[in-house]
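Engineer: what shape does this take:
(one chain, ligands or ions: 3)
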Amino acid sequence: MTETRTIHVAAASASYDVIVGPGLLDRAGQHCAQFLPRGVAAIVTDRNVAAAWQERVSVSFAATGIEPRWLILDPGEATKSWAELARVSDWMLEQGIERGDCVLALGGGVIGDLVGFAASIHKRGCGFIQLPTTLLAQVDSSVGGKTAINVPAGKNLVGAFHQPSLVLADPDALETLPTRELRAGYAEVIKYGVLGDAPFFSWCEANGPALMAGDTAARMHAIATSIEAKARIVGEDERETSGARALLNLGHTFGHALEAETGFGAALLHGEAVGLGMVLAARFSAAKGRLEEAGAERIAAALEPAGLSTRIADLGLSCNGDRLVEHMLHDKKMAAGVLPFVLIDRIGHAFLARDVVLAEVARFLDAELRR
Ligand SMILES: NC(=O)c1ccc[n+]([C@@H]2O[C@H](COP(=O)([O-])OP(=O)(O)OC[C@H]3O[C@@H](n4cnc5c(N)ncnc54)[C@H](O)[C@@H]3O)[C@@H](O)[C@H]2O)c1
Ligand SMILES: O=C(O)C(=O)C[C@@H](O)[C@H](O)[C@H](O)COP(=O)(O)O
Ligand SMILES: [Zn+2]
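Structural biologist: Ligands and ions are numbered 1, 2, ... in the order given. Next comes the predicted model:
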């Protein structure tokens, strides 16, 4: 049996464990019991996850004498909204969740971001536990405490930093995940290699196919390595103030603009947007003479076998570069009117560039839209 790995996250506001290992969802009751003093597990999930996992997770809580109660939401990015936040918040009040309790988020990044935000405002803050069921949530969104909803002005623009009390990442959950979602999550895995770990990038080039095919050891390695990297960065810069955490945003300034332009939905998943955005950040780095072109194309080549698109022309957008840059003006990294870009000077090293001229970005994007 593959061993369980525990990674400790020591953020300024809170510290907690991320436990990674197969079978964890079947033992969730055991691991969560100490965080549920009333003997009740208030679990929020979405319909797809409930269809695959509600019964097993219920059994696991019942076996430890904990009563599971469920709120089941619609799946998809549109659920990260004011309306669904109100629904979760009202339900948590109905359940009598106290400040010392935890609410549980069983699902992908959508459920994790939404429920984490609801926990951050429930009675001015209660605990929450992340039970991530997508690759993306296991390697990224369940850890680090960024919680948010989307609003018409843009992605994740209303939210809070609120750390979970525990994260259980069970690679078995990925067995029921649709292939397209697995691929999208893989973009955030490769991101860690590109931004700070060249050997891990090479490992992804060699082992990506095994990971995608379901090899548990490969999945464990990818999840644990990603979480270790994220834990290190969040430990150094929880609230994205020093510049260290902003590097985790590699590909997101371009990616969020593409998500906004495609309407935050199934047309372009977050992970797909990040894959495209990372290639754009790399090609822009090359255009500015900071990265060899071969480096940018190596990043694209690492994403393509996972079925991820690396050309924005494939999206068939009717907009121009200026329009995408307009979306970028809502980016939360903006400070004193300057939008820093996460660029790359070699695979394994990203940096923040504060001297990027937006007209230059728009021209670059015009060319990419025709590429
Ligand atoms: N907070 C952060 O640090 C952070 C980091 C990265 C991404 N995010 C956010 O995460 C969101 C994307 O998350 P996601 O990619 O996990 O998408 P998601 O939560 O929409 O889940 C993807 C789809 O897979 C289904 N699903 C989930 N787990 C399943 C399983 N085990 N079996 C069957 N179906 C399953 C869901 O119902 C959904 O349809 C975006 O909103 C993004 O902004 C946040
Ligand atoms: O944890 C972080 O920090 C990240 O940037 C991780 C990203 O993958 C994630 O998509 C995050 O939600 C983006 O943050 P935002 O601040 O740009 O909304
Ligand atoms: Zn992301």
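Engineer: find the nearest non-adjacent residue to residue 21, please.
Structural biologist: Beyond its immediate neighbours in the sequence, the residue positioned closest to residue 21 (Cβ to Cβ, 6 or more residues apart in numbering) is residue 4, lying 3.2 Å away. Where you see a C-beta, it was placed from the backbone N, CA and C, and this is true even at glycine.
Engineer: and for residue 311?
Structural biologist: Taking Cβ to Cβ, 6+ apart, and ignoring the residues beside it in sequence, residue 311 has residue 371 as its nearest neighbour in space, at 5.8 Å.
Engineer: for residue 293, same thing?
Structural biologist: Distances taken as Cβ to Cβ, 6+ apart place residue 286 nearest to residue 293, at 4.6 Å, with adjacent residues excluded.
Engineer: residue 257 versus that neighbour, what's the distance?
Structural biologist: Between residue 286 and residue 257 the distance, using Cβ to Cβ, to the nearest Å, works out to 19 Å.
Engineer: of those two, which one has the most company?
Structural biologist: With other Cβ atoms under 10 Å as the criterion, residue 286 and residue 257 differ in neighbour count, and residue 257 comes out ahead with 28 against 18.
Engineer: give me the element that one is part of.
Structural biologist: Remark: residue 257 resides in helix 252-261, with elements defined by DSSP states H and E.
Engineer: just residue 69 next, same as before
Structural biologist: Assigned by DSSP H and E, residue 69 falls within strand 67-73.
Engineer: with residue 149 instead?
Structural biologist: Using DSSP H and E, residue 149 falls within strand 146-151.
Engineer: what's the local residue count around residue 88?
Structural biologist: 23.
Engineer: residue 212 now?
Structural biologist: Using other Cβ under 10 Å, residue 212 is surrounded by 18 other residues.
Engineer: show the contacting residues for it.
Structural biologist: Counting by Cβ atoms under 8 Å, 6 or more residues apart in numbering, residue 212 touches 182-183, 186, 306.
Engineer: could you do residue 218 as well?
Structural biologist: 207, 210-211.
Engineer: part of a helix, is it?
Structural biologist: Yes: using DSSP: H, G, I helix; E, B strand; the rest coil, the secondary structure at residue 218 is a helix.
Engineer: mind checking how far it is from residue 208?
Structural biologist: The spacing between residue 218 and residue 208, counted by Cβ to Cβ, is 8 Å.
Engineer: helix or strand: which one has residue 291?
Structural biologist: Per DSSP H and E, there is no helix or strand for residue 291.
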